[in-house]
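Asker: I'd like to go over a predicted model; first the sequence, then the structure.
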Amino acid sequence: MRILVTGGAGFIGSHTSDRLLALGHDVVILDALTPPVHRNGRPQYLSPGADFFQGDVRNRDLLTNLLRRVDAVYHFAAYQDYLPEFSRFSDVNVVSTALLYEIIVVERLDLARIVVASSQSAMGEGLYRCPADGEQTPGMRPETALAAGRWDIPCPECGGALEMLTTPERISNPQNAYGMSKLAEEMVAINLGRRYGIPTVALRYSIVQGPRQSVYNAYSGACRIFCLSYLLGTAPTLYEDGGAIRDYVNIEDVVDANIIALTDDRAAGRVFNVGGGAAVTTREFSDIVMRHYGSDQPSLVTGEYRFGDTRHILSDIGALRSLGWEPRHTPADSVAAYAAWLKGMEGLDDVLAQANARMRALGVVRKAGT
């Protein structure tokens, strides 16, 4: 097949493009190469075997011309950041998806599959159980609680302790602008796909880790922060108390899921979680990085937190497992691969300091008790 990959110069997009090429497909990449992710323009890792077009996925004429040439689409182009640019999240993530389907319908294009990148953030704080009041899907934590250092979420009904459950795809409860845009994007894709007979799959990725994850994007998360810290000889700071739970999934496992979404007809019309299958606290993840670098400096807890973060989230990956997919790599594998990619990279000395200063100036990073 000839396949369009929007955002194909990015982290997930480039790895997926490489796999598609290896499987014998023709690949067309569309990417705007927007900073800070692509600070230095077209990345060197981009395969010369793909046809590359630089441009905005919201450019109707460009997107139309590319869609006329292909048999399937991976739609990875997205806006991710902590900036309070709420309209931009919807403009890039939702409008581009609506435009994609609009062109397909207007042009009467016959596409075999569209795979849309959604996010675990569409589920917000996820699913919990209260011993007294049963299943709960709590809302966002109030700023008053965070400022007082009360990190865990009480039951919305009785105020008692909650037990975190794995969160299935039926839960949609986003808490921030990015998560809301991703839920809207997958709704546009799945519903328009059903209405107009366009086979569509939406994949809710949890925290994807591995090489090519931008060192310049403050959004890109724990692996970047912890690896850069230990590489530069400093101990990283853990937000909250270091006990926040996430699930981390390796990029190679994500690409496996992407290929299943393209080729397995049972996937069409559905939303799937793509996660690592294990609950890992941020402290545990930091310790994995510390051991990899042979450091004896444990991470620090300073009472800082990121405004808008969820407390715990662990994706239920049973639906994707039923299609034969399984996460095969551990967080330690992801750390090793990312660290190897960072080795020898120049210009890293000020990356963390600049990102931290920017997030503090925007009020994203705050401190309890102040």
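Answerer: In hand now; what should we look at?

Asker: Surely Thr200 and Val271 touch.
Answerer: No: between Thr200 and Val271 there is no contact under C-beta atoms under 8 Å: 9.6 Å. From N, CA and C alone the C-beta is placed, and that goes for glycine too.

Asker: Between the two, point out the one with more neighbours.
Answerer: Per other C-beta atoms under 10 Å, whichever of Thr200 and Val271 has more neighbours is Thr200, with 28 against 23.

Asker: returning to what we had before: anything in contact with each of Thr200 and Val271?
Answerer: Common neighbours of Thr200 and Val271 (criterion: C-beta atoms under 8 Å, 6 or more residues apart in numbering): Ile190.

Asker: what residue ranges in this structure are flagged as low confidence?
Answerer: The chain contains residues with pLDDT under 70 at 82, 218-220, 370.

Asker: show me where it has helices.
Answerer: Ranges of helices in the chain, per DSSP state H, are 11-22, 60-67, 86-89, 96-107, 143-147, 177-196, 222-231, 251-263, 282-293, 318-321, 331-342, 351-361.

Asker: Nearest to Thr34, out of those?
Answerer: Closest approach to Thr34 among the helices of the chain (C-beta to C-beta): helix 86-89, 10.8 Å.

Asker: Quick check: buried residues in that closest one?
Answerer: Within helix 86-89, the residues that qualify as buried are Phe89, counting by 16 or more other C-beta atoms under 10 Å.

Asker: which strands and helices sit next to it?
Answerer: Here helix 86-89 touches helix 177-196, going by 3 or more C-beta pairs under 8 Å, 6 or more residues apart in numbering; DSSP states H and E.

Asker: so how far is the helix it packs on off the chain centroid?
Answerer: Relative to the centre of its chain, helix 177-196 is centred 16 Å away, using C-alpha atoms, centre = their mean, to the nearest Å.

Asker: go on, stretch 334-351?
Answerer: Remark: stretch 334-351 is offset 20 Å from the chain centroid, using C-alpha atoms, centre = their mean.

Asker: quick one: terminal-to-terminal distance for it?
Answerer: Stretch 334-351 has an end-to-end distance of 21 Å (criterion: C-alpha to C-alpha, to the nearest Å).

Asker: Repeat that for stretch 163-176.
Answerer: First residue to last in stretch 163-176 (C-alpha to C-alpha) measures 22 Å.

Asker: before we move on, what about stretch 161-178?
Answerer: End-to-end span of stretch 161-178 (C-alpha to C-alpha): 28 Å.

Asker: can you give me how far it is from the chain middle?
Answerer: A distance of 15 Å separates the C-alpha centroid of stretch 161-178 from that of its chain, computed with C-alpha atoms, centre = their mean.
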